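Visitor: Compute the structure for the input listed below.
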Amino acid sequence: MAREAAEFYAATFPDSHVDSTHAAPSDYPAGKQGNELMVEFTLLGQAFLGLNGGPQFSPNEAVSFQVYTDDQAETDRYWNAIVGNGGQESECGWCKDKWGFSWQITPRALIEAMSAGGDEAKRAFDAMMTMKKIDIAKIEAARRGAPPLP
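Guide: Purely as a prediction, here's the structure:
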């Protein structure tokens, strides 16, 4: 499972690749000696280690991958890659991949709006709360105080 996920991430995101795999040196509760136990991979330039530890270790929202995007096309591309490959949508820019890992696909425009503070940030936040995938045009309209876009 860890290698399959790492290979998907490497094919989806820039500056990402599978680095190496490690076999279990002996039997363990969820597997046998020689099974692929760990996968080292790089995702968006950051090193990670995937563990095939068995069903007692499942991902949850306590840890998520956050991907910053520059425009709607990039936001759509990453969102659709994750959701369209067996994942599921959640709220406010969050989705989950088919392996159960949570992702935050976060346009920089949303971060900028939130960083503005005050009423501008509140309007952007309120708009975000109605979304699954973030719609940058709606965030920017809310930030300006324009009426909500359809």
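Visitor: Nearest residue to the residue with the largest distance to the centre of the chain in space, please, no chain neighbours.
Guide: The C-alpha centroid of the chain is most remote from Ser26, which lies 33.0 Å away (C-alpha atoms, centre = their mean). Of all residues not flanking Ser26 in the chain, Gln33 sits nearest, at 4.9 Å (C-beta to C-beta, 6 or more residues apart in numbering). For the C-beta atoms, the positions are set from N, CA and C on the backbone; glycine is no exception.
Visitor: Check the gap between the residue farthest from the centre of the chain and Leu49 for me.
Guide: Going from Ser26 to Leu49 by C-beta to C-beta, to the nearest Å gives 19 Å.
Visitor: go on, Pro107?
Guide: Shown here: Pro107 relative to Leu49, a distance of 29 Å by C-beta to C-beta.
Visitor: Looking at these two, which one has more neighbours?
Guide: Pro107 (24 against 12; other C-beta atoms under 10 Å).
Visitor: Cross-check the contact I'm expecting between the more buried one and Ala73.
Guide: No - using C-beta atoms under 8 Å, Pro107 is not in contact with Ala73; the gap is 10.7 Å.
Visitor: All the strands of the protein, residue numbers only.
Guide: 17-23, 36-43, 46-51, 64-69, 88-89, 94-96, 102-107 (DSSP state E).
Visitor: State the pLDDT value of the residue nearest the centre of the chain.
Guide: The residue lying closest to the centre of the chain (C-alpha atoms, centre = their mean) is Trp103, at 2.1 Å. Looking at Trp103, its pLDDT stands at 98.
Visitor: count of residues packed around Ala6?
Guide: Ala6 has 24 nearby residues by other C-beta under 10 Å.
Visitor: err, Met129, not the other one
Guide: By other C-beta under 10 Å, the residues close to Met129 number 9.
Visitor: quick one, what contacts the closest residue to it other than its chain neighbours?
Guide: Excluding the flanking residues, the one nearest Met129 by C-beta to C-beta, 6+ apart is Cys92, at 6.4 Å. With C-beta atoms under 8 Å, 6 or more residues apart in numbering as the criterion, the residues that contact Cys92 are Met128, Met129, Met131, Lys132, Ile134.
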